[in-house]
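Visitor: Take a look and give me a structure for this.
(one chain, ligands or ions: 2)
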Amino acid sequence: MTSVPNVTLNNGVTMPQLGFGVFQVPDEETTAAVTSALEAGYRSIDTAAIYGNERGVGKAIAASGLHREELFVTTKLWNEDQGHDQTLAAFDASLDRLGLDHVDLYLIHWPTPARDLYVETYKALEKILADGRARAIGVSNFQIPHLRRLLEHTGITPAVNQVELHPGLQQTALRAFHAEHGIATEAWSPLAQGAVLGDEAIVRVAEAYGVTPAQVVLRWHLQTGNIVIPKSVTPDRIRQNLDVFGFALTDADMVALTGLDRGLRTGPDPDTFN
Ligand SMILES: NC(=O)C1=CN([C@@H]2O[C@H](COP(=O)(O)OP(=O)(O)OC[C@H]3O[C@@H](n4cnc5c(N)ncnc54)[C@H](OP(=O)(O)O)[C@@H]3O)[C@@H](O)[C@H]2O)C=CC1
Ligand SMILES: O=C(O)C(=O)[C@@H](O)[C@H](O)C(=O)CO
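Guide: Ligands and ions are numbered 1, 2, ... in the order given. Model (predicted):
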């Protein structure tokens, strides 16, 4: 079985560097997809309240026979549930749907700056952490000014910032800020939902190694130091996306992929998304 390296977060908790995402997987299909992933060897699952599939994730976990300590489960607080008390209630509801008594990582899904609630929301996450119901807390889609404000007004540095990141959107300044403050960078849509897989440089490197473009992109993430959570509902791809530890890109390959950065956002703009 493939062994995925761990990243040590800023509170000492370890998190697999490669996990499985379930955005856009209907709840009734999620149990099968997560079961395939767990059978392939994934141990980290990324869901969110807004995905509507926490129950499907929970069913796959319950049926897996794996010990809870072997798994790393992330879920996220949806925008409309921001605010101190609403966050605590939304977290309880997520745990209930997952059928778990704690998650490994709880994230604020988007800063939604127009609401101006993310600081008090994060304080609720700090309480959840203190109560031992999340092993680590963090954020998603936070830009540098949002992170600076959290660092100024709250007590615990986020363990993770999960952001859109792939060869077409490399987030260089944000990654540098994370490194400076001990925040792990987690890449969502690590394959750009397929939009970079036809890039000539990626195809050329894939042909040279006899692997697929998706495997090249995932290797680039791992060697860049990102945590990645590719999604697939296709069993062959689920296995393929984990089979990325038998080859390594050279410095020249890494430079070729770095040249593909072009501000390609496939998802919403975090400064305006509400
Ligand atoms: N925090 C946030 O705001 C966000 C978080 N996320 C998280 O990140 C995860 C991953 O991002 P996501 O947007 O799903 O996109 P990905 O970049 O993981 O791409 C998923 C798409 O690529 C296809 N695919 C997967 N593997 C391969 C492969 N080996 N070869 C060719 N195509 C492949 C999938 O098809 P198929 O399934 O048909 O095989 C699917 O269409 C999400 O599932 C979610 O957990 C995502 C968006 C926003
Ligand atoms: O997938 C997620 O985690 C997201 O937050 C987004 O993709 C978001 O829900 C969206 O796409 C809204 O248009």
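
Visitor: Now do the buried residues in stretch 118-136.
Guide: Across stretch 118-136, burial judged by 16 or more other C-beta atoms under 10 Å covers 118, 120-125, 128-129, 133-136. Where C-beta positions appear, they are placed from N, C-alpha and C, glycine not excepted.

Visitor: what's the answer for stretch 243-261, then?
Guide: Under 16+ other C-beta under 10 Å, the buried positions of stretch 243-261 are V244, L249, D253, M254, A256, L257, L260.

Visitor: Same question for stretch 202-218.
Guide: I202, V205, A206, V211, T212, P213, A214, Q215, V216, V217, L218.

Visitor: Give the members of those residues that are also in contact with ligand 1.
Guide: The subset of the buried residues of stretch 202-218 within reach of ligand 1, by C-beta under 6 Å from any ligand atom, is T212, A214.

Visitor: need the buried residues of stretch 202-218 in JSON lines with pLDDT and secondary structure, can you?
Guide: Listed next are the buried residues of stretch 202-218 as JSON lines, based on pLDDT from 0 to 100; DSSP: H, G, I helix; E, B strand; the rest coil:
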{"residue": "I202", "pLDDT": "98", "secondary structure": "helix"}
{"residue": "V205", "pLDDT": "98", "secondary structure": "helix"}
{"residue": "A206", "pLDDT": "98", "secondary structure": "helix"}
{"residue": "V211", "pLDDT": "98", "secondary structure": "coil"}
{"residue": "T212", "pLDDT": "98", "secondary structure": "coil"}
{"residue": "P213", "pLDDT": "98", "secondary structure": "helix"}
{"residue": "A214", "pLDDT": "99", "secondary structure": "helix"}
{"residue": "Q215", "pLDDT": "98", "secondary structure": "helix"}
{"residue": "V216", "pLDDT": "98", "secondary structure": "helix"}
{"residue": "V217", "pLDDT": "98", "secondary structure": "helix"}
{"residue": "L218", "pLDDT": "98", "secondary structure": "helix"}
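
Visitor: Nearest to ligand 2, out of the buried residues of stretch 118-136: which one, please.
Guide: Y118 (14.6 Å; C-beta to the nearest ligand atom).
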